[in-house]
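[1] Need a 3D model of the following:
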Amino acid sequence: MSVKQAIGGGVLAIGCVTFVAPVSVSAQQIWLPAACDIKPDDKQVNNGMQSLKNAFTTKFVDQKTKELKDAERALTQAVATGKQQKNAAAWYYLGRYYLMVQDGAGADSAFEKAQALAPKCKEDIGLYRRQAWVPLYNAGVQAWQAGNTDSAIVAFRNANQVYQGEPMGLIYIANLFVGREEPDTSLKRTDAVKYHTDSLVYATRLDSAAKYFRLAVPAASDPKYAKERRDAFLNVARVYHSAKRYDEAASAYREFLAAYPHDVAATASLAGVLVVENKRDSAMALYDSLIAHADSATPDDLFAAAQSVLSVIPSNPDTMAMDSTCVRAQKKKTPALTVRQISARCQPAAVDTMRKFHALADPQYRLVVKMYEAGLTKNPYLRDALYNLTGISYLIGDTAKVLPLARRLYAVDPMNRLTLAKIAGGFQLLGQKDSVLRYLQLADSLPIEVTVGNFIATDKGAELTGLFTNIHSKSSRPLTITFEFLDKTGAVVASKPQDVPALDAGANQAFKVTADLPAIAAWRYKRS
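    You can find the predicted model right below:
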């Protein structure tokens, strides 16, 4: 099973769903005594076990009902008044009784006592817990797929109460809580009982989400759930982050980083929280540390970290507005000042403001550049990363890098006016006006414009969607665009030609290109 979470801006998404196969019916009809070598050692406990066995194996409903009642009475009396509260077998078979009558809470409590008294029974008890968990878990999945989220939450709660040896049910219910709407707070005044009842689902939804993500961490202790364990652990912090509960988010990020030192995504997110808390020096120290551990990060982690740094860089100050305000103020002074005098008084303030801005922002921009460069070393053909890095390099006036980056971008995305504008910008920094004009004219003369809107790559394949647009005042001619899917080395994994029909002036046509192949990391296209 694959459960995928992506929390960005407080949004979590549940990925694909698969059902867990229940144990076979034939296996369920075979009565098995305890497999961990515990014995009743008491007449009442033995009678309860025998009645439970009879209920399990009979084909007659009336007899099953009677035997279950007898089993419940004998086992309950044994632990309540028969001085068998320290008898592991009594609690073990009482737990199995509760499973048969579908009482998850009772089974959980009884099995917990049995395991505490007989730790050697942990594996055996786990098998019975999971046996009861399967149908409850599947019911939760079915309810979720049908859009019945309330029923899904109830089913997953029941499932998780019985068994927490696997993380999926806990992850699903956590995602469901994140997606819940806020409660109607008017109920708090008009119907306190109803509000309290609803609060179990609504009012504490993010706390509940964090709780279940946290419970999923130990449930995913098996190495095969390593990814689910990491994601659930990180999502505890992300839940609080999305709710702007920054103290709790910072604490959860630090807890995660104690278990996963130098994780790029968590480090960048913690730094973002510290910026919000006005702890900029600590935040920048964390951002700086990311580069030292870039080798262990994925390209996506590095690009996301770069975006995180960008989001906290202050905007360029509006020095024109500052200058205008200063000029107006100086003109009111008596005696009147000359134009040169006004300029001499106002310009230094604007210059000083820009100096302070660049002193603060430029090191952060250079850090962003390093992150993008590190990510592009691992995935050199990712269009959005190339586009962003080209733009940032232009912003900081890096004449040596802008044009080479823009040409790399052009090799990936040649029929987009924004790409051609980046090349023009590179020549502008070099002072080559003729080349600037040439690429601006080339942008205006494109037969059509290609705009890729979304690119999704998984371990099973990739999907590319976007628009073909006629940017001219006359109809376009038909042509063919060939899209190529690339692996991280730039090798072509799949080639997909797309016929573009004649388009009316200003018209566009959507396209979708797919490839069911692994190892796809990027795309490019060319006119055929």
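[2] Going by C-alpha atoms from here, please, whenever you check contacts or count neighbours.
    Noted.
[3] Lowest mean pLDDT among the helices and strands, pick that one out for this structure.
    Using mean pLDDT, DSSP states H and E, the weakest-scoring helix or strand in the chain turns out to be helix 25-28, at a mean of 39.
[4] Where does pLDDT dip in the stretch 51-200 of the chain?
    181-189, 192-200 (pLDDT under 70).
[5] Name the next helix or strand downstream of the least confident helix or strand of the chain, please.
    Following helix 25-28 in sequence order, the next helix or strand is helix 43-57 (DSSP states H and E).
[6] tell me the contacts of A226?
    With contacts defined as Cα atoms under 8 Å, 6 or more residues apart in numbering, the neighbours of A226 are A220.
[7] Export the one helix or strand it maps to to CSV, keeping only CA atoms.
    Using DSSP H and E, the element containing A226 is helix 226-242. Extracted in CSV, the C-alpha atoms of helix 226-242 (Å, rounded to 0.1, in the frame of the first residue of the first chain):
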residue,chain,number,x,y,z
ALA,A,226,10.4,3.7,6.5
LYS,A,227,8.9,6.3,4.2
GLU,A,228,5.5,6.3,6.0
ARG,A,229,7.3,6.6,9.3
ARG,A,230,9.3,9.7,8.2
ASP,A,231,6.3,11.3,6.5
ALA,A,232,4.0,10.8,9.5
PHE,A,233,6.7,12.1,11.9
LEU,A,234,7.2,15.2,9.8
ASN,A,235,3.5,15.8,9.3
VAL,A,236,3.1,16.3,13.1
ALA,A,237,5.1,19.5,12.7
ARG,A,238,3.5,20.5,9.4
VAL,A,239,0.0,20.3,10.9
TYR,A,240,0.9,22.8,13.6
HIS,A,241,2.8,24.9,11.0
SER,A,242,-0.2,25.1,8.8
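[8] So which bits of that helix are buried?
    Neighbour-count burial for helix 226-242 flags 228-242 (criterion: 16 or more other Cα atoms under 10 Å).
[9] try stretch 116-127
    Quick answer for stretch 116-127 (16+ other Cα under 10 Å): 117-118, 121, 125-126.
[10] now stretch 428-439
    Using 16+ other Cα under 10 Å as the test for burial, stretch 428-439 gives 428-430, 435-436, 439.
[11] Quick one: distance of the helix holding A226 to the chain centre.
    Put simply, helix 226-242 sits 8 Å off its chain's centre (Cα atoms, centre = their mean, to the nearest Å).
[12] and the next element down the chain from that helix?
    Past helix 226-242, the next helix or strand by DSSP H and E is helix 246-259.
[13] Got phi/psi on the closest residue to S109 other than its chain neighbours?
    Nearest in space to S109, with sequence neighbours left out and distances taken as Cα to Cα, 6 or more residues apart in numbering, is G95 at 7.6 Å. For G95, the backbone dihedrals are phi -60, psi -40 (criterion: degrees, to the nearest 10).
[14] what's the spacing between A457 and G490?
    A457 is 15 Å from G490, where distance means Cα to Cα, to the nearest Å.
[15] make that C326, sorry
    Applying Cα to Cα to C326 and G490 gives a distance of 54 Å.
[16] cool, D499 as well?
    Applying Cα to Cα to D499 and G490 gives a distance of 24 Å.
[17] Now A400: phi and psi?
    Main-chain torsions, A400, degrees, to the nearest 10: phi -80, psi -20.
[18] Give the burial count for it, as a bare number.
    Neighbours of A400 under the rule other Cα atoms under 10 Å: 13.
[19] Quick check on the closest residue in space to V236 that isn't next to it in sequence: phi, psi?
    Using Cα to Cα, 6+ apart and skipping the chain neighbours, the partner closest in space to V236 is A210 (4.8 Å). A210 adopts backbone torsions of phi -60, psi -40, taken as degrees, to the nearest 10.
[20] Return the distance of the host helix or strand of K211 from the chain's centre.
    Using DSSP H and E, K211 sits within helix 205-219. The chain centroid and the centroid of helix 205-219 are separated by 14 Å, computed with Cα atoms, centre = their mean.
[21] what packs against that helix?
    Applying 3 or more Cα pairs under 8 Å, 6 or more residues apart in numbering; DSSP states H and E, we find helix 205-219 packed against helix 168-178, helix 226-242.
[22] the inter-axis angle of the first one versus helix 226-242?
    Read it as helix 168-178. In terms of direction (axes from the mean of the first three to the mean of the last three Cα atoms, to 10 degrees), helix 168-178 departs from helix 226-242 by 20 degrees.
[23] T149: which of the buried residues of helix 226-242 is nearest?
    Lowest distance from T149 to those (Cα to Cα) belongs to V239, with 19.1 Å.
[24] The closest one contacts L206, doesn't it?
    Yes - in terms of Cα atoms under 8 Å, V239 counts as a neighbour of L206; the distance is 6.5 Å.
[25] Can I get stretch 383-394 in CSV? Just the C-alpha atoms.
    Only the C-alpha atoms of stretch 383-394 are listed here, as CSV (Å, rounded to 0.1, in the frame of the first residue of the first chain):
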residue,chain,number,x,y,z
ARG,A,383,12.4,23.5,-16.2
ASP,A,384,10.9,25.4,-13.3
ALA,A,385,14.2,25.2,-11.4
LEU,A,386,16.1,26.5,-14.4
TYR,A,387,13.6,29.3,-14.8
ASN,A,388,13.8,30.4,-11.2
LEU,A,389,17.5,30.3,-11.0
THR,A,390,17.8,32.3,-14.2
GLY,A,391,15.5,34.9,-12.8
ILE,A,392,17.3,35.1,-9.4
SER,A,393,20.7,35.4,-11.1
TYR,A,394,19.4,38.2,-13.2
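[26] Pull the residues that contact it.
    Contacts of stretch 383-394 (Cα under 8 Å, 6+ apart): 303, 365, 369, 372-373, 376, 399, 401-402, 405-406, 408-409, 412-413, 419, 422, 425-426, 429, 522-523.
[27] Drop anything exposed from these.
    For the contacts of stretch 383-394, buried by 16+ other Cα under 10 Å: 303, 365, 369, 372-373, 376, 399, 402, 405-406, 408-409, 412-413, 419, 422, 425-426, 429, 522-523.
[28] buried stuff in the helix or strand encompassing Q115?
    In this assignment (DSSP H and E), Q115 forms part of helix 104-117. Using 16+ other Cα under 10 Å as the test for burial, helix 104-117 gives 104, 106-115, 117.
[29] Out of those residues, the closest to N54 would be?
    Using Cα to Cα, the buried residues of helix 104-117 come closest to N54 at A107, 19.1 Å.
[30] Going along the chain, name the strands of this protein.
    Along the chain, counting by DSSP state E, strands occupy 449-457, 462-469, 479-486, 492-500, 508-515, 522-527.
[31] what's the closest of the ones you listed to D150?
    strand 449-457 (30.7 Å).
[32] Could you double-check that S221 sits in contact with R229?
    Yes - between S221 and R229 there is a contact at 7.2 Å, judged by Cα under 8 Å.
[33] Now for A249, how many residues are close by?
    For A249, the neighbour count with other Cα under 10 Å is 23.
[34] I'd like to know which elements the lengthiest helix in the chain is packed against.
    In the chain, taking DSSP state H as the definition, the longest helix is helix 339-378. Judged by 3+ Cα pairs under 8 Å, 6+ apart, the packing partners of helix 339-378 are helix 280-292, helix 299-312, helix 319-331, helix 383-395.
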